[in-house]
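**Student:** Here is the input, now give the coordinates:
(one chain, ligands or ions: 3)
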Amino acid sequence: MDFQSIRINGDRLMQRIEDLATIGPHEDTGSCRLALTDEDRDGRDLVVTWMKDLGLEITIDGIGNVIATRPGKMEGPPTLTGSHIDTVATGGRYDGNLGVLAGIELIETLIENDITTRYPVGVAFFTDEEGARFPPDMLGSLVYVGGLALEQALEVEGIDGAILGEELDRIGYRGSAPCPGIPPRAFVELHIEQGPLLETEETTIGIVTGVQGISWTEYSITGQSNHAGTTPMHLRHDAGYVAARITTEAREIAKRMGGRQVATVGRMQFHPDLINVVAREARLTVDLRNTDEALLLEAENQMETCIRSLEESEGVVINSRSLARFEPVVFDSRVINIVSETSSQLNFSSMQMPSGAGHDAQMLARVCPTGMIFVPSRDGISHNPSEHTDRDDLIAGANTLLQSILTLDAKDLSGVEQ
Ligand code: GLV
Ligand code: MN
Ligand code: MN
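**Tutor:** Ligands and ions are numbered 1, 2, ... in the order given. Model (predicted):
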């Protein structure tokens, strides 16, 4: 049969999205499945059941990445798709989940249409993509590609004090497949955009050209706790004030630099955290991102200058700890072209764009030809229970993924090109 005419089953895809969202539900439409929690385990169990139902060969590696593969006519590494099924604590139902469930759907479509690909086709979900509980983000795929030693990853401490390796054992997902894993033939990830560009441009498919660089730093500030009513302003060593200044500086850096520079303070804690006590300690995180490495370094330098000057002026000590640092990634031009040609063959409007969010694909790009497909996010909202993508767009994305994987399967990828 002419493979270009086959299409995924939209109802089945929507049903699986719905079913997975019932695990760790959050505010009606959202999901809370932080990595390696009971909810993550239950979500994994459901997805693995679907993979088993399709008769796929399933491997679980030492960091809990799960890969399900259908054989091709030839042996060798699979053409791989997938994403993640962990969420932030206040997440939506599409971030990551779409890419995994569309991967399962595309394999079911191949089975139904009796299409045997040249090479194996696989669908993966990678551990702890969000990094919201155990930093850095994309931790599972980072270990998969050899960017972080397994032993080191297993020792990562979560924001709740849990140890990653212990949690992996507890939920029963420490597997025996080796890390780093075998590089796939190619990797394509379908994901919601999580930003406003596609919707604003009334465009269905985002052809992702790369992922911006990410810098995550935790600052621990130590000052002196003292009485809020009696301590003159000039005698204070106020960790809370310094945390607030770092927060406003993050915004100012992004404003001054303009372009694609973004900056976020998403976590902050005070100690002793009382209304009438000057805070002795504060801890906060800064997330800086830019598509240009030199500009990201510039933003980091500006923050460092601010940190040193606050230490001096307020008489506090500020310790910094890097939680994640990834340079911007450019995707393989062959994969970009295939996604572009596929979306026009399917008559979907499309545009090229970089990704603002981090993705497992940026790690896989280190070891194989890689690309991504985006579909629109309503109002550009994500990491929020109201995250939404229209059914037609989800299905358009899944069909673009299906046809891109089939085209990649048919193509000779032996030439080196990044
Ligand atoms: C992770 O997905 C991130 O972009 O923060
Ligand atoms: Mn994601
Ligand atoms: Mn996310």
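**Student:** now the helices: where do they sit in this protein?
**Tutor:** Taking DSSP state H as the criterion, the chain contains helices spanning 10-21, 38-53, 97-112, 139-144, 150-154, 164-170, 197-200, 239-257, 293-314, 333-345, 360-364, 391-410.
**Student:** Around ligand 1, pick out the residues from the stretch 1-150 of the chain.
**Tutor:** Residues of the stretch 1-150 of the chain lying close to ligand 1 (Cβ under 6 Å from any ligand atom) are Glu129, Glu130, Asp137. Backbone N, C-alpha and C define where each C-beta goes, glycine included.
**Student:** can you pick the most crowded of these?
**Tutor:** Within these, most neighbours by other Cβ atoms under 10 Å means Glu129, with 27 neighbours.
**Student:** what sits against the residue lying closest to it once chain neighbours are set aside?
**Tutor:** In space, and not counting its chain neighbours, Glu129 is closest to His84: 3.3 Å by Cβ to Cβ, 6 or more residues apart in numbering. Taking Cβ atoms under 8 Å, 6 or more residues apart in numbering, we find His84 in contact with Gly96, Gly99, Val100, Phe125, Phe126, Thr127, Asp128, Glu129, Glu130, Gly140, Asp360.
**Student:** got it, and Gln261?
**Tutor:** Taking Cβ under 8 Å, 6+ apart, one finds Ile253, Ala254, Leu288, Arg289, Asn290, Leu295, Leu296, Ala299 in contact with Gln261.
**Student:** what's the closest of those to Ala396?
**Tutor:** Arg289 (27.4 Å; Cβ to Cβ).
**Student:** Quick check: the closest one touching Val211?
**Tutor:** No: counting by Cβ atoms under 8 Å, Arg289 stays clear of Val211, with 9.4 Å between them.
**Student:** who has more neighbours, these two?
**Tutor:** Counted by other Cβ under 10 Å, Arg289 and Val211 do not tie: Val211 has more neighbours, with 27 against 23.
**Student:** coming back round to it: mind listing which of the residues of the stretch 1-150 of the chain next to ligand 1 are in strands?
**Tutor:** Within those, no residue falls in strands by DSSP state E.
**Student:** Show me which residues of the protein are close to ligand 2?
**Tutor:** Asp95, Gly96 (Cβ under 5 Å from the ion).
**Student:** and Ser349, backbone torsions?
**Tutor:** Main-chain torsions, Ser349, degrees, to the nearest 10: phi -70, psi 150.
**Student:** how close does the residue lying farthest from the centre of the chain sit to Met268?
**Tutor:** Distance from the C-alpha centroid of the chain, by Cα atoms, centre = their mean, peaks at Thr230 (47.4 Å). Separation of Thr230 from Met268 (Cβ to Cβ, to the nearest Å) stands at 26 Å.
**Student:** And for the nearest residue to Leu56 once chain neighbours are set aside, the neighbour number?
**Tutor:** Of all residues not flanking Leu56 in the chain, Ala68 sits nearest, at 3.8 Å (Cβ to Cβ, 6+ apart). For Ala68, the number of neighbouring residues by other Cβ under 10 Å comes to 26.
**Student:** Ala68 bridge partners, please.
**Tutor:** Ile58, Val123 (DSSP bridges).
**Student:** I'd say it and Phe125 touch.
**Tutor:** No: applying Cβ under 8 Å as the test, Ala68 and Phe125 come out as separate, 9.0 Å apart.
**Student:** which residues touch the residue nearest the centre of the chain?
**Tutor:** When Cα atoms, centre = their mean is applied to the chain, the residue found nearest the centroid is His359 (3.7 Å). When contacts are counted by Cβ under 8 Å, 6+ apart, His359 is found next to Ser83, Glu129, Met138, Glu189, His191, Val211, Met372.
**Student:** Is the third one in contact with Gly131, as I believe?
**Tutor:** Put plainly, it is Met138. Yes: in this structure, Met138 is within contact of Gly131 by Cβ under 8 Å, at 6.9 Å.
**Student:** Show me whatever sits in contact with both of those two.
**Tutor:** Going by Cβ under 8 Å, 6+ apart, residues that sit against Met138 and also against Gly131 are Gly358.
**Student:** Of these two, which one has the most company?
**Tutor:** Using other Cβ under 10 Å, the more surrounded residue of Met138 and Gly131 is Met138, with 29 against 22.
**Student:** Out of the residues of the stretch 1-150 of the chain next to ligand 1, which comes closest to ligand 1?
**Tutor:** Asp137 (4.2 Å; Cβ to the nearest ligand atom).
**Student:** I figured that closest one hits Gly358, correct?
**Tutor:** Yes: using Cβ under 8 Å, Asp137 makes contact with Gly358 at a distance of 4.8 Å.
**Student:** list the residues that contact both of these two?
**Tutor:** Contacts common to Asp137 and Gly358, judged by Cβ under 8 Å, 6+ apart, are Glu129, Gly131, Ile214.
**Student:** pLDDT added to the residues you listed, as CSV?
**Tutor:** Putting the shared contacts of Asp137 and Gly358 into CSV (pLDDT from 0 to 100) gives the following:
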residue, pLDDT
Glu129, 98
Gly131, 97
Ile214, 98
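**Student:** OK, contacts around His383?
**Tutor:** With Cβ under 8 Å, 6+ apart, His383 has these contacts: Val88, Thr90, Gly91, Gly92, Asp95, Gln194.
**Student:** measure the second one to Cys32 for me?
**Tutor:** Just to be clear, that refers to Thr90. Separation of Thr90 from Cys32 (Cβ to Cβ): 7 Å.
**Student:** Among the two, which residue is more densely surrounded?
**Tutor:** Per other Cβ under 10 Å, whichever of Thr90 and Cys32 has more neighbours is Cys32, with 18 against 15.
**Student:** How many residues are close by the residue nearest to the more buried one when sequence neighbours are not counted?
**Tutor:** Nearest non-adjacent residue to Cys32, counting by Cβ to Cβ, 6+ apart: His26, 4.1 Å away. As a burial measure, His26 scores 20 neighbours (other Cβ under 10 Å).
**Student:** from memory Ala279 sits against Gly240, does it?
**Tutor:** Yes: between Ala279 and Gly240 there is a contact at 3.6 Å, judged by Cβ under 8 Å.
**Student:** Please enumerate the shared neighbours of those two.
**Tutor:** What both Ala279 and Gly240 touch, as defined by Cβ under 8 Å, 6+ apart, is the set Phe270.
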